[in-house]
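Q: what follows is a predicted protein model with its sequence.
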Amino acid sequence: MELQLGENQLYTTREHPLFVGNDNFSSLDNLRASDSVYRLMDGNLLSTKITSIQTITAPATVVYNLSTTPPHTYFANLIAVHNKFGKTFVNLTKGNSPKRIEWNSSAPNWCIARSGICLEGKCSNPSCLAHKELVIINIGIREFDLLTESYKISKCPECSKYVEPVTCALNNCMWRWIGLKQSKIDAAPTEVSEDWMLTIVSMKLLMVKSCGYN
């Protein structure tokens, strides 16, 4: 993304957090032209208005997993990216069995679940009716890669803004999963997986209260 801040340009990722004041950060995906962000100049916080935000095609970039103290911004091909401890998602390994959930007939529109894979996360768009609510992102019956596809598919069904997925649900389908799990920053990831299972009714893999369910 190309971000115009007054006379300055900043190239950054869509999910990059920017300081918006009052001890709050917001990802670029939730900001728009005319919003203000803060930058540190000579030890002073200065407010700067965003004059434009554009999507650009960046050159191919290799970004390494860096073990840095949290949180840091670094640059790859002049693009600002931020360090993060992997991808935070519900623990799918054994010992965290799926929970069967009964349907709720009075759930809001953003909690409609279709057959197949459903992601869930909280909408962070303050102008959305589902702001701070868990929403369901329907993926359907197909192969899905959380790391490479969620950034373009995980959108709030109410406002279409990006939602960080934190858990998933399975509905009326057969499913399995394969992935990597890292126990801590300096540990090598290990391969984890689960063989095919059948879900006739809604099953939920989560640690938080479900969207639209009792």
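A: Cool, got the structure.
Q: got the domain boundaries for this structure?
A: Structural domains assigned to the chain are 2-82, 99-205, following automatic domain parsing.
Q: ok, and which of these has the densest surroundings?
A: Most buried of the domains of the chain, by mean neighbour count (mean count of other CB atoms under 10 Å): domain 99-205, with a mean of 16. Every C-beta, even on glycine, is put in place using the N, C-alpha and C of the backbone.
Q: now do that domain: distance to the chain's middle.
A: Relative to its chain's centre, domain 99-205 lies at 10 Å (CA atoms, centre = their mean, to the nearest Å).
Q: one step back: okay if I get the domains of the chain as CSV plus mean pLDDT?
A: Output for the domains of the chain, formatted as CSV (pLDDT from 0 to 100):
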stretch, mean pLDDT
domain 2-82, 74
domain 99-205, 83
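Q: so which residue is dead centre in this structure?
A: Residue closest to the mean C-alpha point of the chain, counted by CA atoms, centre = their mean, is Glu164 at 2.0 Å.
Q: now that residue: how far from Met197?
A: Separation of Glu164 from Met197 (CB to CB, to the nearest Å) stands at 26 Å.
Q: do Ala169 as well
A: Ala169 is 13 Å from Met197, where distance means CB to CB.
Q: contacting residues around the spatially most distant residue from the centre of the chain?
A: Of all residues in the chain, Asp42 has its C-alpha farthest from the mean position, at 32.9 Å, by CA atoms, centre = their mean. Going by CB atoms under 8 Å, 6 or more residues apart in numbering, Asp42 touches no other residue.
Q: and the one 10 residues further on, by the same measure?
A: Under the criterion of CB under 8 Å, 6+ apart, the neighbours of Ser52 are Glu2, Leu3, Gln4, Ala33.
Q: okay, the residues you listed in TSV with distance to Trp110 next?
A: Listed next are these as TSV, based on distance: CB to CB, whole Å:
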residue	distance to Trp110
Glu2	30
Leu3	28
Gln4	32
Ala33	26
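Q: for the residue nearest to Ser127 when sequence neighbours are not counted, grab phi and psi.
A: Excluding the flanking residues, the one nearest Ser127 by CB to CB, 6 or more residues apart in numbering is Cys159, at 7.2 Å. Per-residue torsions, Cys159: phi -120, psi -10 (degrees, to the nearest 10).
Q: now do Pro126
A: Dihedral angles (degrees, to the nearest 10) for Pro126: phi -60, psi -20.
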